[in-house]
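J.: Okay, sequence plus prediction incoming.
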Amino acid sequence: MCSRGKTFILADKQEHLHFVVTDPVNERVLIIGITSNSVGEEFVLNIGDHNFINRKSYIYYAKARVISVDSIRRHLQKKSKGKKRWKALGDASCETMKKICEGILKSKFTSKRIKKFYRDFLMNSNFEV
């Protein structure tokens, strides 16, 4: 569940789709969510880019984070008031992942820490954007 291209929903007041963008690095992965509010982001996913997306959505680089694989697994198994707050969904397409990855280093909203983690991942893997 914690390899590049996996997707899941974080359900708080609303459900937000998140993408696992890297394979594990020291048991941690980079995840990036989307939002229907522009929040200044210029990188967009549209209906059809993922089954969950039902309107124009913005890739939320400002809220990208590095999280442990174990934490994702625990959240996916945990229930709150009888419901899972995190739900695994299907894999993202190669095209969708390419759109997300192309913006990580370009977006002015991606933090320096996230850019460094992503650069380190690229340097130590066979992955190409």
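T.: Received, thanks. Numbering: from 1, shown residues only.

J.: where does this structure dip in pLDDT?
T.: Where the chain drops to pLDDT under 70, the residues are 1, 12-13, 79-84, 127-129.

J.: just checking, H50 touches G5?
T.: No - H50 lies out of contact with G5 (C-beta atoms under 8 Å); the separation is 10.7 Å. C-beta: built from backbone N, CA, C; applies to glycine.

J.: Pick out whichever of these two has more residues nearby.
T.: H50 (20 against 16; other C-beta atoms under 10 Å).

J.: mind checking the SS state of the more buried one?
T.: State at H50, reduced to three classes by DSSP: H, G, I helix; E, B strand; the rest coil: coil.

J.: Against M123, how distant is it?
T.: Computed with C-beta to C-beta, to the nearest Å, the distance linking H50 and M123 is 28 Å.

J.: related to what we said a few turns ago, residues shared between the contacts of H50 and G5?
T.: Counting by C-beta atoms under 8 Å, 6 or more residues apart in numbering, the contacts common to H50 and G5 are A92.

J.: Count the neighbours of the closest residue to V20 other than its chain neighbours for me.
T.: Nearest non-adjacent residue to V20, counting by C-beta to C-beta, 6 or more residues apart in numbering: K6, 4.3 Å away. Counted with other C-beta under 10 Å, the neighbours of K6 add up to 19.
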